[in-house]
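*Asks:* Requesting a structural model of the entry that follows:
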Amino acid sequence: MRTLRVRFAVMLATAAVVPLLTYGAVSLYSLRDGTRRTVVEGNLNVARQVAEQVRRYISTDLQILQALAADLENTNLTPEQTDRILKNYVLTFSEFGELTVVDGSGSAIATSRVGPPDVPKAPEFRDLTSARTTPSGAAGAKIVEGVRMSPVFVDGDMLPTMLVAAPLGRGRQQAGWLVGEFSIEELWRMVKNIHIGTRGYALVLGPGGELLAHGNPEERSKVATDALARTQGGGTRGSNSTTNAIVDELRASGGDQPVVREDEQPTGGRLLAVGVGIPDLGWTVVVSQPTREAYVVAERHQSELVAAISLALLIMILVGSVWGRSFIRPITALIKGTQAIAEGRLDARVAIESKSELGTLGDAFNGMADRLVELQDDVRKQERHAMFGRVAAGLVHDLSHPFKNVQNNCRLMLKMHDDPEYREMFSRTVNREFGTIKRVFEDLRNISRPMPLERFPLDINTLVADIGESMRANADTAGVTLSVELDGARLFILGDMFALGRVCRNLVLNAIEATPPQGRIVMTTAALDGKVQLRVADTGCGIPPERIATMFEDFVTTKRQGLGLGLAIVKKIVEQLGGTVSAASTVGRGTTFVLEFGRISPPEAGG
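*Replies:* Residues are numbered from 1 along each chain as shown. The predicted model follows:
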């Protein structure tokens, strides 16, 4: 039954559970992968938009500076007029903190400041206006829209600033530069307004990975810190390993392909960061967001999907269990009913309330059991009738001869009652025949109840020798040779001499009756594995194999007449004495009866 349940569970798992789990695993993977690609693509779109806004913002201001430079070089203005124009531009365009015109040697000609200009004093000024500067950007400078840009540094107000310089006098020997102090504070405001979720921000990084703007107010102070470190010669790299890695990958790819990274953060948790480059500026826009927030929708959908799959799996298991029980229960009932019938409990029935084939099978089983009961009753009646017939026939055979002898002698007694010799013969005949009748009745009584036996040490060799001597006359009369072969050692058992004598006589008499003239009967004793064995073998007609198994039963005989109690009494006596009896026979060659008893030590002398 356990095997059937295991097979049913395997079938259910193969047909339903495994496909459902496979579908769930594929769905979870697809959901996770699709959500990641969607989130990454969304953040990349944001980064591209921010990069485009930053590029336009810088390009527009640089174009304004270049237009101003073009206006100044095409007019012959006095320094005072130039100062006034520069001051008006500074007031109009707040990104420029200072605008100064310098000649080829770097000396200020006009400025928007009240007082001496600060631009020529900046360390970046000399590198920016150096004649050695090339379009590729020497000494950290970049050329955008024909305007040179210095690296970002911190001004006196700790705000990120850079110097921009538009050449004056192009087309002829360069006359000087229009240099402006360009504050990128507006870039902060632009980036500040960009939020991705609640904890995602945009960052703008310089060519070396230095932080230029950060959308998170708590991180904005790092802009000044990084710029101050660069001003003091502390390098140009930022402090964030993820953004530095993005800058390096973009630089390696030429800035054409976006970069996506997921890294563990020192503060804990994973961070999703996407970066795109601004090729004209050499800057990088990074959009970062904690993965816990970026994938929160996916995780919620994933939890819902897991819950749905788990619920479906649970329902499937429950339904399968209920259906399996309803399927296996009738089979279990049929198995138990079959076992009960096999054990002989023919009153066992199965109750299968089903309209399926199992219900039909249950009805057929109950019908079969009813029919078996009927057949068993019929067999019992037939066996009872046959037994009564055998008993009656046996009694008629065993009692008719004694009664007829008594009847005949009684008739002769009426005629010869005065003959003393006949009266003596009559008395012997009547006593002998009534003794025969008494033995028949004793056999019937011994079959119905245990025979009283006494156990005491008995030498089996002595018993067999006495039986052989007393039965030799019967064997000689039948023309059969009876011999005894005894073991050389004295063999003792616990037994009843008279009961075992009767057993041996019954076996020898049966052998004499079954053995034709010139045949041979041998009684043998032997010791074997702590037991004593007694064999009675003949060369008679033998017993058919189908009768061997039943010949020790009551009222079963292989003879034409008789009650069939001899071998049944033999078996009963042997078993009461703790022994066993068996028979082996070959038709036409003879039969051997084997009796085995437990061997005991010889009794002490005088015991």
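*Asks:* Show me how the chain divides into domains.
*Replies:* Domain ranges of the chain: 75-183, 452-598, per automatic domain parsing.
*Asks:* how about these in JSON lines, adding mean pLDDT, distance to residue 261 and mean neighbour count?
*Replies:* All C-beta spots, glycine's among them, are computed from the backbone N, C-alpha and C. Shown next, in JSON lines, are these (pLDDT from 0 to 100; distance: least, Cβ to Cβ, whole Å; neighbours: other Cβ atoms under 10 Å):
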{"stretch": "domain 75-183", "mean pLDDT": "79", "distance to residue 261": "24", "mean neighbour count": "18"}
{"stretch": "domain 452-598", "mean pLDDT": "85", "distance to residue 261": "87", "mean neighbour count": "17"}
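*Asks:* For residue 596, see how far away residue 529 is.
*Replies:* Relative to residue 596, residue 529 is positioned 10 Å away (Cβ to Cβ, to the nearest Å).
*Asks:* and the closest residue to residue 263 other than its chain neighbours, what pLDDT?
*Replies:* Spatial nearest neighbour of residue 263, excluding adjacent residues (Cβ to Cβ, 6 or more residues apart in numbering): residue 242 at 4.7 Å. Predicted confidence (pLDDT) for residue 242: 71.
*Asks:* coming back round to it: export the domains of the chain to CSV and tack on distance to residue 264?
*Replies:* Shown next, in CSV, are these (distance: least, Cβ to Cβ, whole Å):
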stretch, distance to residue 264
domain 75-183, 29
domain 452-598, 81
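*Asks:* and residue 339, which of these is closest to it?
*Replies:* Smallest distance to residue 339 across the domains of the chain (Cβ to Cβ): 24.6 Å, for domain 452-598.
*Asks:* on that earlier part again, what about the residue nearest to residue 263, how many neighbours?
*Replies:* 19 (other Cβ atoms under 10 Å).
*Asks:* Three-state assignment for it, please.
*Replies:* At residue 242, secondary structure determined by DSSP: H, G, I helix; E, B strand; the rest coil is helix.
*Asks:* before we move on, what about the one 4 residues further on?
*Replies:* Per three-state DSSP, the local secondary structure of residue 246 is helix.
*Asks:* now do the one 10 residues further on
*Replies:* For residue 256, the secondary structure call by three-state DSSP comes out as coil.
*Asks:* Quickly note the distance from it to residue 250.
*Replies:* Relative to residue 250, and taking Cβ to Cβ, residue 256 is found at 9 Å.
*Asks:* what does residue 164 give?
*Replies:* Computed with Cβ to Cβ, the distance linking residue 164 and residue 250 is 24 Å.
*Asks:* next one: residue 475
*Replies:* 123 Å.
*Asks:* cool, residue 349 as well?
*Replies:* 85 Å.
*Asks:* Which of those two has more residues huddled nearby?
*Replies:* Taking neighbours as other Cβ under 10 Å, residue 349 and residue 250 compare with residue 250 leading, 24 against 14.
*Asks:* Can you give me the distance of the more buried one to residue 485?
*Replies:* Here the criterion is Cβ to Cβ. By it, residue 250 lies 114 Å from residue 485.
*Asks:* go on, residue 438?
*Replies:* The separation that residue 438 has from residue 485, given Cβ to Cβ, amounts to 35 Å.
*Asks:* Please apply the same query to residue 49.
*Replies:* According to Cβ to Cβ, residue 49 and residue 485 sit 120 Å apart.
*Asks:* right, and residue 354 touches residue 330 too?
*Replies:* Yes: Residue 354 lies in contact with residue 330 (Cβ atoms under 8 Å); the separation is 6.3 Å.
*Asks:* shared neighbours, these two?
*Replies:* Jointly contacting residue 354 and residue 330 under the rule Cβ atoms under 8 Å, 6 or more residues apart in numbering are residue 362.
*Asks:* Please say which of the two ends up with more neighbours.
*Replies:* For residue 354 versus residue 330, neighbours defined as other Cβ under 10 Å are more numerous around residue 330 (20 against 15).
*Asks:* and the more buried one, what helix or strand is that in?
*Replies:* helix 296-342 (DSSP states H and E).
*Asks:* C-terminal to that helix, what's the next element?
*Replies:* Downstream of helix 296-342, the first helix or strand assigned by DSSP H and E is helix 357-415.
*Asks:* Just give the nearest non-adjacent residue to residue 333, would you?
*Replies:* residue 350 (4.4 Å).
*Asks:* Run through the residues that contact the one you found.
*Replies:* Residue 350 sits next to 330, 333, 334, 336, 337, 362, 365, 366 when contact means Cβ under 8 Å, 6+ apart.
*Asks:* for residue 490, same thing?
*Replies:* Shown in contact with residue 490 (Cβ under 8 Å, 6+ apart): 459, 461, 602.
*Asks:* partners of the helix or strand where residue 522 lies, with directions?
*Replies:* Here residue 522, judged by DSSP H and E, is contained in strand 520-528. Taking DSSP bridges as the criterion, strand 520-528 forms sheet pairs with strand 481-485 (parallel), strand 531-538 (antiparallel).
*Asks:* Which one of the ones you listed lies nearest to residue 175?
*Replies:* Smallest distance to residue 175 across the strands paired with strand 520-528 (Cβ to Cβ): 138.6 Å, for strand 531-538.
*Asks:* what's the burial count for residue 361?
*Replies:* Residue 361: 16 neighbours (other Cβ under 10 Å).
*Asks:* Once you drop chain neighbours, what's closest to it?
*Replies:* Nearest to residue 361 is residue 334, by Cβ to Cβ, 6+ apart, at 6.7 Å.
*Asks:* hmm, back to that, quick one: the residue nearest to residue 263 and residue 265, what's the gap?
*Replies:* The gap separating residue 242 from residue 265 is 8 Å, by Cβ to Cβ.
*Asks:* Residue 350 too?
*Replies:* Counting by Cβ to Cβ - residue 350 and residue 265 are separated by 69 Å.
*Asks:* any idea which residue of this protein is furthest from its center?
*Replies:* Distance to the chain centre peaks in the chain at residue 418, reaching 104.7 Å (criterion: Cα atoms, centre = their mean).
*Asks:* Can you classify that one by secondary structure?
*Replies:* Classification of residue 418 by three-state DSSP places it in coil.
*Asks:* Would you mind giving both backbone torsions of it?
*Replies:* For residue 418, the backbone dihedrals are phi -90, psi 0 (criterion: degrees, to the nearest 10).
*Asks:* I'd say the residue nearest to residue 361 and residue 362 touch.
*Replies:* Yes: checked against Cβ under 8 Å, the pair residue 334 and residue 362 is within contact range at 6.7 Å.
*Asks:* So the two - more neighbours on which side?
*Replies:* Comparing residue 334 with residue 362 by neighbour count (other Cβ under 10 Å), the higher total belongs to residue 362, at 21 against 17.
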